[in-house]
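[1] Just the structure for this:
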Amino acid sequence: MATAADQTERLRAAVLAQPGAVERTEGIKFPCPACREEGHDKAGDNAILFTNGKWGCALAKGTDLGRQHWQAIGEALGAFSHRNGSSPPPGSAAGPADSSAGLNGRVAVIIPAATVRSEQLDWIDPGRVAVGTLTMGVGLPDQGKTLVACDFTARLSTGSPLAPARRQPGVTRPRHVVIMTNEDALGTTMVPRLLKAGADLEHISFVQMVRDADGAMSLLTLAEDIDALEEVIASTKPALVIIDGVVGYIGPDVKSHNDADVRRVLTPFAAMLARTGTAGLGLMHPPKAVTNLHYYAGGSIAFTAVPRVVLGVAPDPEDESDNPRRFLAKLKGNLYGRVPTLAFRITAEHDGAIPWIEWEPEPVAVNLADLFDPPKESPEDRGSRRRCEAWLRAHLADGPQHAKDVEAAAVSAGFSRNTLRRAREVVCDTVKVGHPGGPQAWDWLLRQEKAS
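    Sure, this is the predicted structure:
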């Protein structure tokens, strides 16, 4: 049986026998029979046989004529006869199944599912930061994103349990963290904050710049310097890479609002994390006008689509103090079950002192819409919703009730259906009830009753 190499050599001989065939670096160029028949190939070099044995037509590449010209070239080379219905022999170097690859020499790589080993995903912080994946953390300026990252880094570097547990160095093995930041000065901001959080600086490295062969320095970007970053990971072996200010690192020619541009940068970065078994945490601001929680991580949906988990940091809307309570909540994540929302406050000894994070010891229950889409609800609407929440708690205190009965009672009590819907999302769960073969209906019940 002829091997793929034999087939390629036979094709080379057939091409070199064509009038006007010229061997080039990328392959052998020769007249395309389809172009010649149509009067297009005046230079006699539209067709090419690539070094991997694939062929194509430069004029028809990427057009509706691509396959027709590919077939005509194959017939001329004797690779197969389209007109008489024959097909390429099994294992041949080219054929209809590879036609799209033949146009430009690129071949799709097939990975049989049976060859992929099923693996258990490991978590650094269960439900929030996973090994080999990218997590995105987002929030408005001055809400504590970087301080949360410093607290996380300090706990990893000292082997302390993660938030909201009490800091206790030495419980687990200390792990290294690499931090990329171009927003805060290292000496006056980052290192003092890390020390205040209790970090061990021996297990922390900063990366900001790259040096080229001539010694010139420039900002490291994910678009151009993935290989350089992977070398850093290979040498320091970190458990976590933090990018504080992701948009500043994606590259000057990447449009942060363009989905395709952002994916072209973040996807190779995520693949590198998976390849090296390193967790990634990116920090960024949301767009100025947030209209959908799925877009909260940036102007492009790719900022939430590529990361496996998206976390949000936001102030407590009910706390109107100068230093409000803040929340760390999961906005997106399909790799883990329920992840509780954590509450914290930014603490400092006095104005101008180095701040740190103090976590509340227990998770909290909050409505994400209150935190991350506040413009959708005016103060009057929010007050109405809260009164409706209180009414629902009292109305359902004795147990579940049919949804239609609750709706009717709420309207009679003076609440609009829209207010009732928003209140129900905060305090109620719904469950379908009924008998087999009989009518089905929805009941509303207080959320804590369902959990008990």
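[2] mind giving me the domain split of this protein?
    As recorded under automatic domain parsing, the domains making up the chain are 4-102, 123-369, 377-451.
[3] What residues of stretch 115-126 count as buried?
    Within stretch 115-126, the residues that count as buried by 16 or more other CB atoms under 10 Å are Trp123, Ile124, Asp125. For the C-beta atoms, the positions are set from N, CA and C on the backbone; glycine is no exception.
[4] Rebuild the domains of the chain as a markdown table, extending it with mean pLDDT and distance to Thr115.
    Compiled in a markdown table, the domains of the chain are given as follows (pLDDT from 0 to 100; distance: least, CB to CB, whole Å):
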| stretch | mean pLDDT | distance to Thr115 |
| --- | --- | --- |
| domain 4-102 | 69 | 19 |
| domain 123-369 | 91 | 17 |
| domain 377-451 | 84 | 42 |
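[5] Can I get those domains in JSON lines including distance to Arg117?
    JSON lines is the format used below for those (distance: least, CB to CB, whole Å):
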{"stretch": "domain 4-102", "distance to Arg117": "27"}
{"stretch": "domain 123-369", "distance to Arg117": "13"}
{"stretch": "domain 377-451", "distance to Arg117": "37"}
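[6] Of these, give the one that comes closest to Ile111.
    With CB to CB as the measure, domain 123-369 is the member of these nearest Ile111 (13.8 Å).
[7] Tell me the one among the buried residues of stretch 115-126 nearest to Val210.
    Taking CB to CB as the measure, Ile124 is the one of the buried residues of stretch 115-126 closest to Val210, at 26.6 Å.
[8] Sheet partners, orientation included, of the helix or strand where the closest one lies?
    Using DSSP states H and E, Ile124 falls within strand 123-125. Sheet partners assigned to strand 123-125 using DSSP bridges are listed as strand 129-130 (antiparallel).
[9] Go ahead and confirm Gly277 touches Gly132.
    Yes: counting by CB atoms under 8 Å, Gly277 sits close enough to Gly132 to count as a contact (5.2 Å).
[10] Would you mind measuring from the nearest residue to Met284 once chain neighbours are set aside to Lys196?
    Nearest residue to Met284 in three dimensions, chain neighbours excluded: Val246, at 4.6 Å (CB to CB, 6 or more residues apart in numbering). Shown here: Val246 relative to Lys196, a distance of 24 Å by CB to CB, to the nearest Å.
[11] Neighbour count: the two, which is higher?
    Summary of the neighbour comparison: Val246 and Lys196, criterion other CB atoms under 10 Å, with Val246 having more neighbours (28 against 20).
[12] Contact partners for the more buried one?
    Met136, Gly282, Leu283, Met284, Phe303 (CB atoms under 8 Å, 6 or more residues apart in numbering).
[13] Correct me if wrong: the first one contacts His285.
    Same thing as Met136. No: assessed by CB under 8 Å, Met136 is found out of contact with His285, at 11.4 Å.
[14] Let me know how buried Cys35 is, in neighbour terms.
    For Cys35, the tally of surrounding residues (other CB under 10 Å) stands at 24.
[15] quick one, helices of the stretch 1-150 of the chain?
    4-16, 33-38, 66-77, 99-102, 145-158 (DSSP state H, counting those that start in this stretch).
[16] Repeat that for the stretch 351-452 of the chain.
    Using DSSP H, counting those that start in this stretch, the helices found in the stretch 351-452 of the chain span residues 368-372, 379-395, 403-412, 417-427, 447-451.
[17] List the buried residues in the third one.
    Residues Ala403, Val406, Glu407, Ala410 are the ones in helix 403-412 that count as buried (16+ other CB under 10 Å).
[18] starting at the chain centroid, how far to the strand holding Ile124?
    17 Å (CA atoms, centre = their mean, to the nearest Å).
[19] sorry, back to before: look at Gly277 and Gly132 and report which has more neighbours.
    The neighbour count for Gly277 versus Gly132, taken as other CB under 10 Å, is higher for Gly132 (19 against 12).
[20] Can you pull the phi and psi angles for that one?
    For Gly132, the backbone dihedrals (degrees, to the nearest 10) come out as phi 80, psi 10.
[21] Tell me the spacing between it and Phe206.
    In this view, Gly132 and Phe206 are 22 Å apart by CB to CB.
[22] and what of Asp443?
    When CB to CB is the yardstick, Asp443 and Phe206 sit 55 Å from each other.
[23] higher neighbour count, the two?
    Neighbour tally, Asp443 and Phe206, criterion other CB under 10 Å: the higher count belongs to Asp443, 19 against 14.
[24] Verify the contact between that one and Cys428 for me.
    No: using CB under 8 Å as the test, Asp443 is too far from Cys428 to be in contact (9.7 Å).
[25] Quick one: residues contacting Leu156.
    Remark: with contacts taken as CB under 8 Å, 6+ apart, Leu156 is in contact with Ile124, Pro174, Arg175, Val177, His203, Ala239, Leu240.
[26] Phe152 now?
    Phe152 makes contact with Asp125, Val129, Leu162, Ala163, Leu240, Leu281, according to CB under 8 Å, 6+ apart.
[27] For the first one, which non-adjacent residue is spatially closest?
    What that stands for is Asp125. Of all residues beyond its chain neighbours, the one nearest Asp125 is Leu162 (5.2 Å), with distances taken as CB to CB, 6+ apart.
[28] For that neighbour, grab the count of nearby residues.
    Applying other CB under 10 Å, we find 17 other residues in the vicinity of Leu162.
[29] returning to that earlier point: rebuild the buried residues of stretch 115-126 as JSON lines, extending it with distance to Ala21.
    Output for the buried residues of stretch 115-126, formatted as JSON lines (distance: CB to CB, whole Å):
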{"residue": "Trp123", "distance to Ala21": "59"}
{"residue": "Ile124", "distance to Ala21": "59"}
{"residue": "Asp125", "distance to Ala21": "62"}
